[in-house]
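**Q** Show me how the following folds:
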Amino acid sequence: MADMLAGFDELINSAISECDIDSQSIPLLNVEKEHIEANLLEKLPEDYCYKFNLSVINEQKSSFQTEDITTENVHPWLFEISNHQFYHSENIEWAHNHNTVNLEASNFKNISSCTIEKVRKLYEDGNTPSMARQIFLKNLKKSCNDEITYHVMKADRSVTPRRRDFNYLYSQYTKDEFGGKNGEMFQRLEEKMEEYQQNNPDASLKYQVYCGDEMPLIISVVTPLMKQVHKEVPQCGELVFVDATSNTDEHNLKVFLLCTPNVSGALPCGLVITSDEKKSTVKQAFQMLSDCLPEYAFNGRGPTTDPEVILTDNCLEDVWPTATLLLCIFHVLQQVWRWIVEKDHLVNQHDRPEVFSLFKKALYAMTEESFDDCYEDLLSDDACSKYPNLLQYYRNLYVIKKDFALCFRSSMRVRGNQTNNFVEAQLLVLKDILLRRVKEYNVVGLFDKLTADLENHFKDKLLSIADGSFDGYFRRRFLGKNKRKVDGGQGFKIPTQQEQKTYLEKVITYEHNVFEVPSLSEEDKSYFVDMSIGVCSCVMGRDGSPCKHQYILWASNTANCINFVPVSNPQSRQKLAWIAIGQTLPITYYTNLRAKSNNAHSIEAEDQSHQVNSLEQPDCQEISMDDSILVDTEERLEQEHIQEGITAVNRACESLVEKLKSTGDKNLSKGMKQFSARLMKLSSGMPGSLVSALFNFGTDELRSTRTGKKIKIQPGRKRKSNNGSRQAVAKGRSTTLKCLEPPRKRAKRQHSLAMAVKENVPPSKKSGSHVMRSKC
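**A** This next block holds a predicted model:
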């Protein structure tokens, strides 16, 4: 037995303060029990208090407790000894040497699994660690009944993780979800793309994994929604916008988005992600995208035939050689101004606005002859002649004049789009709404945002028009709001009810949805409008832009136009729903509220592969109302309001005349003359100014004053002094403390090219700092 217990030497030498032995063994003889106890007593100090128990079970278990436990001496505490009659095992029981009933001790608890799931759910919603912590604490406070409960639960780490725990959980979440930021993320990216391909079998995807500068990262995607846009949206074969953005993830990847204009806004046609913006990389990326396009791409033109016009970058000439590539005029003007204000080009500051305005005048010229005349004036100007480098720069731009001058676009169906604002607005949605102004973790997260969240954004826009929950019937920018034609603004003035009635009386209808609309300004002149493609022979609508002639036919429900929202065309609204989700409801669900009958149409929509089951309509009484009754009611109410206004004005004038006759006041007569003169002047101008003057007339004179008794006092004389009789004049040195004044921050430059030109300063860095390098 002494040899069996020799393993206790190191255990006893570790300064044991207490030893409890609970022994469970087979029945032993009293001699053996005494022998075991004697061997233990030899190893213990003389003044040590111990307790020794033996039982009658097959196993013996001894537990020891000490204050001197370290990683070096913990191993001797664990050992097992076997003998011919019993089995012996040693275990450690730990005990705290401090108070555990306090708030600080709860900070060291392990985070519960329930809390970890809550935090991960916040990260799945796109929150950063700091945002997730704020939301977590807010929800925790709502769940507590009082402040003291919140105080206790906030201190408990198992319920409320620390700030560093949120950061750690975020790193673990991103590593599990996105594969980290190193080479592991490419493996996770391939898994993510395979998963996306399985969930969306109609999507087309090609990619190239990053292997150095010679093999950049390229991802080209055509989603099912994009394929529907290529098939059903006619503008997709006419005009496509292409633009890029960066700073969307930690690796500064470049995102290229292809869009086409539509009544619902920009609709996607393709998506490309690259690791750089080199011309060779962009060319390879768009070649891969072209391979992903379906056979009916660009509204049936095909992936190799190309759209008619691409508002894009020069490097795409090799990918789509037959398409007409145009440059965004805003980026052209911005690049010219940036070149002029560059210090190395030595253009004097007082000459910069003049040489820039001359180029801008040529860019907005309406005819080719006018453009050439303006450009000759630009090159022969005295201010430009002083700078040979500037003349050479303008001569180089003249070579590519067809890419940016508006006069060369009059015959192209650009539908009034001279800039790529459509696609830039979608990139702004990506950064501001989807990414929340926070960079994505890596390319895996960025791919998920672009293929899921951005896709849902476009679907919601289409469905809002299909279900009638849109905010406006037409695009505001085509109505000339806050724009002047001299500044390049486009728009038309909506005709009045009387003008629309005059137009419709003289409209001549031809086959294939073609109409001849007369001109109100010129008697012997008329314009031909093709409503099927949204084109008019007038100056405004010849390039496919909305004009008042198209508006008249659309507003009167004479014909539908692709330039305006199909308010009363259920077939078009049903098509938009099919483009969004690939399936639709029966066409009766897409009729207008003022339709004569909801059962007038018998066409049922179909799914891509099968017919959709129609929803059960609730039992309700259908009320049909003729449109002519509504129009007559509106006209009658309008005439009543006008007659009431005439009666009120006549009554007021009669009262004023009687007042003048009864009083004979000369000042009143002069006031009436002045009032009449101003009234005639306002009546000859815009009606809005007259309405505002009539509403504000006499408001100050009729304003109520305080009623009741007032204390009559004699106002004292106000003596003239330097301090205004308020306080003593300070003498000596100023006591202003500069340290107490708030620091003055330098105002940032506005993100406006027009303001930069007006103030003769360089443009802001944000304004066009990430445009494609090959522009100009």
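
**Q** what domains does the record give for the chain?
**A** Using the TED database, the domains assigned to the chain come out as 113-178, 183-328+436-457, 334-418+751-775, 472-564.

**Q** Quick one: closest of the ones you listed to N667.
**A** With distances scored as C-beta to C-beta, the stretch of the domains of the chain nearest to N667 is domain 472-564 (41.0 Å). C-beta coordinates here come from the backbone N, C-alpha and C atoms, glycine included.

**Q** tell me the secondary structure for the closest residue to S683 other than its chain neighbours?
**A** Excluding its sequence neighbours, the residue lying closest to S683 (C-beta to C-beta, 6 or more residues apart in numbering) is L690, at 6.0 Å. Using DSSP: H, G, I helix; E, B strand; the rest coil, the secondary structure recorded for L690 is helix.

**Q** returning to what we had before: what would the domains of the chain look like in TSV with mean pLDDT and distance to Q643?
**A** Listed next are the domains of the chain as TSV, based on pLDDT from 0 to 100; distance: least, C-beta to C-beta, whole Å:
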stretch	mean pLDDT	distance to Q643
domain 113-178	93	59
domain 183-328+436-457	89	39
domain 334-418+751-775	86	42
domain 472-564	80	17
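
**Q** For G698, which of those is the nearest?
**A** Smallest distance to G698 across these (C-beta to C-beta): 30.4 Å, for domain 472-564.

**Q** which residues of the stretch 301-450 of the chain fall in helices?
**A** Assigned helices in the stretch 301-450 of the chain, in chain order: 329-341, 352-363, 368-380, 382-385, 388-399, 401-404, 421-429, 443-448 (criterion: DSSP state H, counting those that start in this stretch).

**Q** Nearest to E214, out of these?
**A** Taking C-beta to C-beta, helix 443-448 is the member of these nearest to E214, at 18.7 Å.

**Q** In the next helix or strand after that closest one, which residues are buried?
**A** Sequence order places helix 454-466 as the next helix or strand after helix 443-448, per DSSP states H and E. Buried residues in helix 454-466, counted by 16 or more other C-beta atoms under 10 Å: L454, E455, H457, F458, K461, L462, L463, I465, A466.

**Q** Output the contacting helices and strands for helix 454-466.
**A** Using 3 or more C-beta pairs under 8 Å, 6 or more residues apart in numbering; DSSP states H and E as the contact criterion, the neighbours of helix 454-466 among helices and strands are helix 224-232, strand 267-274, helix 421-429, helix 570-581.

**Q** relative to helix 224-232, how tilted is the second one?
**A** This means strand 267-274. Using axes from the mean of the first three to the mean of the last three C-alpha atoms, to 10 degrees, one finds that strand 267-274 and helix 224-232 are set 130 degrees apart in direction.

**Q** what about dumping the CA coordinates of strand 267-274 to PDB?
**A** Listed in PDB are the C-alpha atoms of strand 267-274, where the atom choice follows Å, rounded to 0.1, in the frame of the first residue of the first chain:
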ATOM      1  CA  LEU A 267     -34.000  49.000 -64.600                       C
ATOM      2  CA  PRO A 268     -30.900  46.800 -64.500                       C
ATOM      3  CA  CYS A 269     -29.500  45.000 -67.500                       C
ATOM      4  CA  GLY A 270     -26.300  43.600 -66.100                       C
ATOM      5  CA  LEU A 271     -23.800  43.600 -63.200                       C
ATOM      6  CA  VAL A 272     -20.000  43.400 -63.100                       C
ATOM      7  CA  ILE A 273     -17.600  43.400 -60.200                       C
ATOM      8  CA  THR A 274     -13.900  43.800 -60.800                       C
END
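
**Q** All good on my end, thank you.
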